[in-house]
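Colleague: just to be clear, the model below is a prediction. Sequence and coordinates:
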Amino acid sequence: MTKFREVVTLNAEPRLSISSGPHVIEIAPAAGGRITRFATQGARGWQDWLVPLTAASWPCDAWPKGGSYPLVPFSNRVRDARFAAPGGSIVELATFPGMAHALHGFGQFAAWNVELQEADCVVLRYVHGEGEQGWPWAFEAVQLIEANAQGARLSMRVANRSASPMPVGLGFHPYFGAHEAELHATTHWRHEAEIAIEPTLKPPAHRHVRETEGYTRYLSGWDGRATLRYADGRTLELQADDTLNHAVVHCPAGARYLCVEPVSHVSDGFNLAAQGLPRTGIAIIEPGSEIRASLAMATGASPAPRDGDAA
């Protein structure tokens, strides 16, 4: 029997603001620990890198498409909100009414506590109790959001606070105003209704353009680097660490944004791993241990040459 989550209102006020030189980041801790704006002030005024999120509040199951939010303890979808735990028991996650699959973890639907705020950084913490929303494990997640001379850096760590091994994934879900992205990966996963099925033999596209028809692409073997290009000629360089070697490139039909989501595992990774598929990216962390990930976003940078690229 499906367990439903309560639909509560998330309040995006008050917002915290941090900066470094011309770069400003605004954050709404109580609205999913999300970034609501990342912008740079230049000769032409303010230039937004993320689609700015201006709403003061929203129902947690119908969030506005903007800013960037944390994905924890899994990214994307869990088919039918069910999967087999490492010991073989079946986990049944709660979903919002009308939602068949569990989506994007728990972090973006909750309030995060502010642990530290300085001029150029904020530390946020989310504590999840054992059994909440059907997740059998207790864990805590900590985000460090930094403004720096290059732009921004996002870090997250997730610690298992339960007595048994916990499967886990994490990542970031930014909504960029860019019109195209270039990135290199080795594997493109086939999917149905945004649930990944299996890796394909099709070589992944390197160039992803915002299209009217829309698409979602699940990529593995990502080298952690991406170049985003904006209509006015600006570029934004992404550099993710080795934990985030999967990426979701998401462009809904008619959308005015392009998502490039650095994540640690493929969509429905828990179930695919249980089926024996390799390289899903799902990690198992022991009691008391943790997993970490980070993403740097450098504004206006020139792409660094890749191995094998022409000089």
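Modeller: Okay, I see it.
Colleague: ok, what's across the strand from residue 251?
Modeller: In this entry, residue 251 is beta-bridged to residue 215, by DSSP bridges.
Colleague: out of everything not next to it in sequence, what's closest to residue 156?
Modeller: Closest residue to residue 156 apart from its sequence neighbours, by CB to CB, 6 or more residues apart in numbering: residue 143 at 5.0 Å. Using the backbone N, CA and C atoms, a C-beta is placed for each residue, glycine as well.
Colleague: tally of neighbours for that neighbour?
Modeller: Using other CB atoms under 10 Å, residue 143 has 24 other residues around it.
Colleague: also the one 5 residues further on?
Modeller: The number of residues packed around residue 148, counting by other CB under 10 Å, is 15.
Colleague: so the residue nearest to residue 156 touches residue 116, yeah?
Modeller: No: taking contacts as CB atoms under 8 Å, residue 143 lies outside contact range of residue 116: 10.9 Å.
Colleague: what's the overlap in contacts for these two?
Modeller: Counting by CB atoms under 8 Å, 6 or more residues apart in numbering, the shared contacts of residue 143 and residue 116 are 122, 123.
Colleague: and the residue nearest to residue 156, what pLDDT?
Modeller: With respect to pLDDT, residue 143 scores 98.
Colleague: what do you get for residue 101?
Modeller: 97.
Colleague: residues contacting the spatially closest residue to it that is not a sequence neighbour?
Modeller: Computed as CB to CB, 6+ apart, the closest residue to residue 101 that is not its neighbour in sequence is residue 77, at 4.3 Å. Listed by CB under 8 Å, 6+ apart, the contact partners of residue 77 are 101, 102, 103, 194, 195, 267, 268.
Colleague: write the ChimeraX selection for whichever of these are buried.
Modeller: The buried residues among those can be selected in ChimeraX (16 or more other CB atoms under 10 Å) with this line:
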select :101,102,103,195,267,268
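Colleague: and the contacts of residue 77, which of them are in helices?
Modeller: Counting by DSSP state H, those place none of their members in helices.
Colleague: follow-up on the earlier one: any idea how far residue 194 is from the residue nearest to residue 101?
Modeller: Going from residue 77 to residue 194 by CB to CB, to the nearest Å gives 6 Å.
Colleague: need the overlap of contacts for those two.
Modeller: Taking CB under 8 Å, 6+ apart as the criterion, residue 77 and residue 194 both touch residue 267.
Colleague: re earlier: nearest to residue 237, of the contacts of residue 77?
Modeller: Residue 237 lies nearest to residue 267 out of the contacts of residue 77, by CB to CB, at 25.3 Å.
Colleague: ok, that closest one to residue 197 distance?
Modeller: Taking CB to CB as the criterion, residue 267 is separated from residue 197 by 9 Å.
Colleague: what do the two both touch?
Modeller: Residues touching both residue 267 and residue 197 (CB under 8 Å, 6+ apart): 189, 191.
Colleague: the residue lying closest to residue 211 once chain neighbours are set aside: neighbouring residues, count only.
Modeller: If the residues on either side of it in the chain are set aside, residue 211 comes closest to residue 251, at 6.0 Å by CB to CB, 6+ apart. By other CB under 10 Å, 22 other residues sit near residue 251.
Colleague: any idea how far residue 251 is from residue 183?
Modeller: According to CB to CB, residue 251 and residue 183 sit 14 Å apart.
Colleague: between these two, what contacts are shared?
Modeller: residue 208.
Colleague: and the gap between the nearest residue to residue 299 once chain neighbours are set aside and residue 39?
Modeller: Excluding the flanking residues, the one nearest residue 299 by CB to CB, 6+ apart is residue 151, at 4.1 Å. To residue 39, residue 151 is 10 Å away according to CB to CB.
Colleague: between the two, which is the more surrounded one?
Modeller: residue 151 (23 against 19).
Colleague: looks like that one contacts residue 47 (just checking).
Modeller: No: shown here, residue 151 and residue 47 do not form a contact pair, counting by CB under 8 Å, at 11.3 Å.
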